[in-house]
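A.B. asks: structural data only, the sequence is not supplied:
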């Protein structure tokens, strides 16, 4: 029996899992703060750590920094495309030459790239769009 003062609510819908990869912990913290109300956020500080996380579970979206010590984010996203083709890939970069950008979009089949500094509103909107595309691609 439910006490009269307590309301019943429907179970919470599980949040969509996303992977955030960046060597700057402070930036990861900001991204998690913006995205965690809507998404289940898992973080990695390197492409190696991100590879490990990908083997543990499925993600709908990965958001990855471009330049990181110990591994280029672009190379990671190319590998991720091959192994997890339905997972949407977003590259975050501070600087990229146009020819590098074109190559990146083609090789990693990026959903989108975001230039730093990324606004949190844009980050949330692009991530929501990427999750929608993921859901459509596996439906």
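C.D. replies: Everything's here; your move. As the structure is a prediction and not an experimental result, all values here were calculated from the model.
A.B. asks: report the distance from the lowest-mean-pLDDT helix or strand in the chain to the chain centre.
C.D. replies: Ranked by mean pLDDT, DSSP states H and E, the weakest helix or strand in the chain is helix 98-108, scoring a mean of 79. Here helix 98-108 is found 18 Å from its chain centre; the criterion is C-alpha atoms, centre = their mean, to the nearest Å.
A.B. asks: buried stuff in the helix or strand just after it?
C.D. replies: Following helix 98-108 in sequence order, the next helix or strand is strand 112-115 (DSSP states H and E). Of all the residues in strand 112-115, those buried under the rule 16 or more other C-beta atoms under 10 Å are 112-114. Yep, even glycine has a C-beta here, placed from its N, CA and C like the rest.
A.B. asks: need the residues that contact strand 112-115.
C.D. replies: Applying C-beta atoms under 8 Å, 6 or more residues apart in numbering, the contact partners of strand 112-115 are 90-94, 96, 101, 104-105, 122-123, 126, 129-130.
A.B. asks: how about the helices in this structure?
C.D. replies: 25-35, 47-56, 73-83, 98-108, 120-138 (DSSP state H).
A.B. asks: beta partners of residue 42?
C.D. replies: For residue 42, the beta-bridge partners are residue 19 (DSSP bridges).
A.B. asks: please produce CSV containing the helices of the chain, extended by distance to residue 64 and mean neighbour count.
C.D. replies: Output for the helices of the chain, formatted as CSV (distance: least, C-beta to C-beta, whole Å; neighbours: other C-beta atoms under 10 Å):
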stretch, distance to residue 64, mean neighbour count
helix 25-35, 11, 15
helix 47-56, 7, 16
helix 73-83, 4, 19
helix 98-108, 9, 14
helix 120-138, 12, 15
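A.B. asks: distance to residue 63 for those - can I get that in a markdown table?
C.D. replies: What follows is the helices of the chain, written out as a markdown table (distance: least, C-beta to C-beta, whole Å):
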| stretch | distance to residue 63 |
| --- | --- |
| helix 25-35 | 7 |
| helix 47-56 | 10 |
| helix 73-83 | 10 |
| helix 98-108 | 13 |
| helix 120-138 | 7 |
